[in-house]
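1. quick one, fold the following:
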Amino acid sequence: MEKYLSLSGNHSSNKRSLEGLSAFGSLEELILDNNLLGNDLVLPGLPRLHTLTLNKNQITDLECLLDHLAKVTPALEYLSLLGNVACPNELVSLEKDEEDYKRYRCFVLHKLPNLKFLDARKVTRQEREEALVRGSFMKVVKPKASSDRVTASPEHHYTPLPSASRDLTNHRGVLGKCRYVYYGKNSEGNRFIRDDQL
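-> Below you'll find the model as predicted:
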C-alpha cells in the first residue's frame, strides 16, 4: 500500500490523469506541484490523506477547491497552494500585499478548520480564532464582467487631456502661478559644505 505519491511536473491538466488515484485509498501524502491543474480538479475520496501540495498550478477559484477538499479529504492537515492565482502572494503579483495573504489564510482556515499547516507556515491559535469569527467574510469576490459593456475600438485611445490639446500641430502653452515660493531658509542641504568649498 502506497502512503506517499508525488506526481510533480507531469503537466497533467486533464481530469482523466487523476482518475487512477482512487486505487490509492490509503494514501497519506500527495504532491501535485507543477501540473497545470485548474479549477476542474477532481480528486477521488482520500480519507487518510493528511498532506496535499498543489503548488504552481492554475487554480483560480479558491472557494470551489476548498469545498471539494473538505468533502474528499477529511483528514487534511497540511495544504500548500503557493504559486496559484488563488493564493495571493506579493512575491508573485505586485497587485497583492500581506493583507491579501492574511485574508486568504483566514478564509482557508474557515473552510478547512483542521489544517495545522498552510503554505509551509504553521497555523497559529490566533489565526484559528479569527477564522472562526471572521473567516466567512474574508472571501474575495471579483466583479462579474458585464455583457453590455462597450468595448473600446482600437482607433480610440483614452487620454486625460482635453480634446483641444490633443492636436500636436496646434499647440498652445499654459502659464500658471504657484502660491508657494521656496526660499531655502530652513534647508539643511548645504550644512556640510564649508565656505572654502563654495
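
2. now the strands for the chain?
-> Per DSSP state E, the chain carries strands over the ranges 4-6, 29-31, 51-53, 78-80, 117-118, 121-122.

3. low-confidence stretches in this structure?
-> Applying pLDDT under 70 to the chain flags the ranges 1, 11-17, 90-93, 140-195, 197-198.

4. now the helices for it?
-> Shown for the chain, the helices assigned by DSSP state H span residues 62-72, 98-111, 125-134.

5. looking at those, which is buried most?
-> helix 98-111 (a mean of 19; mean count of other CB atoms under 10 Å). Placement of C-beta: from N, CA and C, glycine included.

6. run through who's touching that helix.
-> 62-63, 66-67, 70, 79, 81, 86-90, 115, 118-119, 123, 127-128, 130-132, 134-136, 138-140 (CB atoms under 8 Å, 6 or more residues apart in numbering).

7. identify the bridge partners of residue 118.
-> residue 79, residue 121 (DSSP bridges).

8. report how many residues lie close to the closest residue in space to residue 75 that isn't next to it in sequence.
-> Spatial nearest neighbour of residue 75, chain neighbours left out: residue 50 (5.1 Å); criterion: CB to CB, 6 or more residues apart in numbering. For residue 50, the neighbour count with other CB atoms under 10 Å is 19.

9. heads up, I number from 232, so please use that
-> Got it, first residue is 232 now, which makes that one residue 281.

10. residue 300 and residue 342: what is the separation?
-> Using CB to CB, to the nearest Å, residue 300 is found at 8 Å from residue 342.

11. wait, residue 296
-> Taken as CB to CB, the span from residue 296 to residue 342 is 9 Å.

12. ok, the residue nearest to residue 306 - contacts?
-> 259, 260, 306, 307, 308, 309.

13. what's the answer for residue 345, then?
-> Counting by CB under 8 Å, 6+ apart, residue 345 touches 305, 306, 307, 308.
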